[in-house]
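Participant: Please find the sequence and the predicted model below.
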Amino acid sequence: MAQTARTLVTVLTFFGVLAYCIKGQSNSLIVLNPSEQYQRISGWEATAQAGQDEPGFSKIQDQLFQRSANELGINRLRLEIHSGAENTHDYFSDFRAGTLGESEYVRCYAYTTVNDDNDPFSIRLAGFIFSGLDNQVESVVLPLKKSLEARGETLFLNVTYVAFSAGKIDPGCPAGLQYHHSSPEEYAEFVLATHIHLRDKYALIPDSWEAILEPDNTGFWRGPQIGAAIAAAARRLVANGFVPRFTAPSTLSAANAVPYLTDILAVPGTTPYLKELSYHRYGGGTIPVVRGIALAARQAGLDTAMLEHIGSGSDDLYVDLTEGGNTAWQQFALAFQEGDDGSKYYVIDNTNPAAPVLRLAEAGKRLAQYFRYIRAGAVRIGAATSDSNLRPVAFINPGGRHVVVVQATGSATFGIQGLPAGRYGVSYTTASVYNVSQSDTVISPGQTLLASIPAAGVITIYGRPGLSEVPSISAVVNAATGLVGNLSPGEIVSIYGTGLGGPVGINLQLSGGSFVSTALAGTRILINGVPSPVLYASANQVNIVVPYEVQPGTAANIVAQSGGVSSSVFQTGVGETSPGLFTLNSSGTGAVAALNLDGSVNTSSNPAARGS
C-alpha cells in the first residue's frame, strides 16, 4: 500500500509538471540572468535594543541571539552613541537606576554635552562616559557577534551618532545646558574617542560610522554641517590608524536624502570617506523617490541603505532592493516587550515574568525569507517575469549558491530558469503558516525548477550543499615549505581537501577595519574550537594563521566548515615553532621571496642596497 501511494504521488507529480509545460505558462516563469549584476549585500540590520534592561531578559537572551543569527539572519547592528556621552556626570546610569525619569533623561540630558577640556585635539578620556554604549555592547553586540561567529560569519558594526540636540532647551530642563559638537573638530574628537574606547575595551572597530541619526529631526544638523563633520572626523581617524567609512545622511524623510547628500558632497574631504547613502522611510518613501536615491548613489559611487522604518515589511524591502539598490536594510529594534506593532523583529511576551516567551514578529516572519538565506557578500542578479502576481529577486551568495525570493499576491505555481544544476531547498511563509519547508529539489544542467506556494506570501528557493559537498581535510602543511609537521601558534599553514570553500578562490577580508576575518565566504577553520584568521579560501585549499590560543604540546583537532557544514576532525600535533621561508619558486627552497626597499624583487643579481 505504501509503495502504491508513492507511485501515485510520482505519477501525479509527473502530470502536474507535464500540464505546466503543455500550458506553456510564460507568465509564470522566472528567468534569471547572472550577467546582470547589481548591489552586493553588506548586512541585515537591527538597532541594538533588545529589551536588555527589562525584567526577565536574562531568561531569553541566549535564545534571542541564537535565533537572531540563525532563524532571522541579522548580521549587522546599529550601535547608538548619544552625544551626551561627553559629560562629567553619568545620567544614563541614573536613568537605569530609576533616579532619573525617562522623559527628563531624553529631553534634557541624553544629548547635551560637557566639553572634556576645551581642546578638540587633546582627548581626556575621563571626560567621556560610555556607560550607555557599554550596556549595548555587552548585552547585545558581543552575544550576537558570538552567535554569528559560531556559524562562520562576522558582524557588521554600524556605530550611529545620535544628537536630537534641540532637547536641551525644552521647558523644564535646567538652565545652562550646552551642545558643543556643532564644532566639526569637537565632533571629530568625539568620534575618535569612541573608536578608541571600543578598540581598547572590546577589541571592536566600527565597520561604519553613521554620521548623525535623522538630521532633519534636529535643530542644527543639515547637509553642510554633516559634510564638515565627516571631513574633520575622517582626518582624525586616518591620523590615528583607523580606516574611515561613513554612512549618511539617514534623514527622517526619504525625500530629504538626496538634497542632504548634495550639500554633504559639496564639502571638500568628504568624497573618499562617505560610502553609504542612507535614508529612513517616514516621509516620501515612494518608488520615484527611492529610484532618485539609487540614481544619486550610483552617480556618487555609493551604496544605499534604508536604515529605519517602524512598520516596514517585505513589501518595502522588495522595493528598496529592486528600485533602491539597497545593500543594507533595517526595520528597527532587535527585540522588545509590548505588542507586535512593527517596531521590533522579536516580541518579548512577559505575561509570566518567570517564563517570558520570545516570538518572531509577523513582519519578521516574511523578512526572514530574505534575511536568513541572502547573506553578507551576496550579489543581486537579474530576475524577470511577466507575471504581475510574482515579484522575484535573485542573489548569488558567497561560495556560488543561488537564492531566489518571490513575493506572491496569491497561490502560485511557477518555474525558474537559469539556476545551476544542484540541490535546492524550498521554504515559504504565508499569513497562516511560517517557514514551511518542502522536500529538496535536485535539477540537472538547463532544467527548470518548479515551485509553488499555496497562498499569498513569500517563498524562497535556495541552493543547498550537495551530498558530495561535505568539506573534507586531506593534508595540513606549512604554507611556506609545503612540509607536513607539527603546527605552531602564529604559523601560516595551507589546508588541502575538498569542499572547503566556493568554486572561486577568495583572498582575506578585514573585520572591524583592521583584523583578518575568521570567516571568509562561509569558510571557517576551527583548531580546538578556536576560529583561525583565514587568508585565502577555495574549494580545495584554505590558508590560515594558527591561533595563538593553540597550546604547544597538545593535539590540534582541526575542523573545516563551509556553508554551515562541518568536516570530520583532522588531528595533528602542536609544537613550539615551525619555521619556514616563502621562496620565489613557492617550494620552500631556493631564493627567498623578498622585496628591496625600492619595491623590486630581491635576487642575487639585484641585492638590497647596503644599509637599506
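Facilitator: Good, I have the coordinates. Numbering: from 1, shown residues only.
Participant: Give me the distance between the closest residue to residue 170 other than its chain neighbours and residue 82.
Facilitator: In space, residue 170 comes closest to residue 107 once its chain neighbours are excluded; the distance is 4.5 Å by C-beta to C-beta, 6 or more residues apart in numbering. For glycine as for every other residue, the C-beta is placed from the backbone atoms N, C-alpha and C. Distance check for residue 107 against residue 82: by C-beta to C-beta, to the nearest Å, it reads 13 Å.
Participant: These two - which one has more neighbours?
Facilitator: The neighbour comparison of residue 107 against residue 82 (other C-beta atoms under 10 Å) goes to residue 82, with 24 against 20.
Participant: For the more buried one, what are phi and psi?
Facilitator: According to degrees, to the nearest 10, the main-chain angles of residue 82 amount to phi -80, psi 140.
Participant: Pretty sure it sits against residue 111.
Facilitator: Yes - counting by C-beta atoms under 8 Å, residue 111 is a contact partner of residue 82 at 5.9 Å.
Participant: Could you tell me which residues touch both of the two?
Facilitator: Shared contacts of residue 82 and residue 111, defined by C-beta atoms under 8 Å, 6 or more residues apart in numbering, are found at 162-163.
Participant: SS state for residue 35?
Facilitator: strand (DSSP: H, G, I helix; E, B strand; the rest coil).
Participant: ok, what's across the strand from the closest residue to it other than its chain neighbours?
Facilitator: Spatially, and ignoring its direct neighbours in sequence, residue 35 is nearest to residue 382 (7.4 Å; C-beta to C-beta, 6+ apart). Following DSSP bridges, residue 382 is listed with bridge partners residue 33.
Participant: In stretch 572-586, which residues are buried?
Facilitator: If you call a residue buried by 16 or more other C-beta atoms under 10 Å, then stretch 572-586 has these buried ones: 572, 574, 578, 580, 583.
Participant: Where does the first one sit: helix, strand or coil?
Facilitator: What it means is residue 572. Looking at residue 572 with three-state DSSP, the answer is strand.
Participant: if we can go back for a sec, quick one: which two of the buried residues of stretch 572-586 are the most distant?
Facilitator: In these, two members sit farther apart than any others by C-beta to C-beta. They are 574 and 583, at 24.9 Å.
Participant: quick one: buried residues of stretch 47-61?
Facilitator: Under 16+ other C-beta under 10 Å, the buried positions of stretch 47-61 are 47-52, 56-57, 59-61.
Participant: still on that earlier bit, test my guess that the residue nearest to residue 170 contacts residue 177.
Facilitator: No - with the criterion set as C-beta under 8 Å, residue 107 and residue 177 do not qualify as a contacting pair; they are 10.2 Å apart.
Participant: so where's the protein uncertain?
Facilitator: Applying pLDDT under 70 to the chain flags the ranges 1-27, 166-167, 466-469, 503-504, 512-514, 585-587.
Participant: Could you break it into its assigned domains?
Facilitator: 23-38+379-464, 42-371, 469-573 (automatic domain parsing).
Participant: between those, which gets nearest to residue 591?
Facilitator: Each of the domains of the chain has some distance to residue 591 by C-beta to C-beta; the shortest is domain 469-573, at 13.1 Å.
Participant: For residue 28, see how far away the closest residue to residue 314 other than its chain neighbours is.
Facilitator: Take residue 314 and drop its neighbours on the chain: the residue closest to it by C-beta to C-beta, 6+ apart is residue 366, 4.0 Å away. Using C-beta to C-beta, one gets 21 Å for the distance from residue 366 to residue 28.
Participant: Those two: which has the busier surroundings?
Facilitator: residue 366 (23 against 19).
Participant: Give me the packing partners of the helix or strand where the more buried one lies, helices and strands only.
Facilitator: Secondary structure assignment for residue 366, by DSSP states H and E: helix 362-371. Contacting helix 362-371 under the criterion 3 or more C-beta pairs under 8 Å, 6 or more residues apart in numbering; DSSP states H and E are the following elements: strand 43-47, helix 314-322, strand 326-337, strand 344-349, strand 422-430, strand 457-464.
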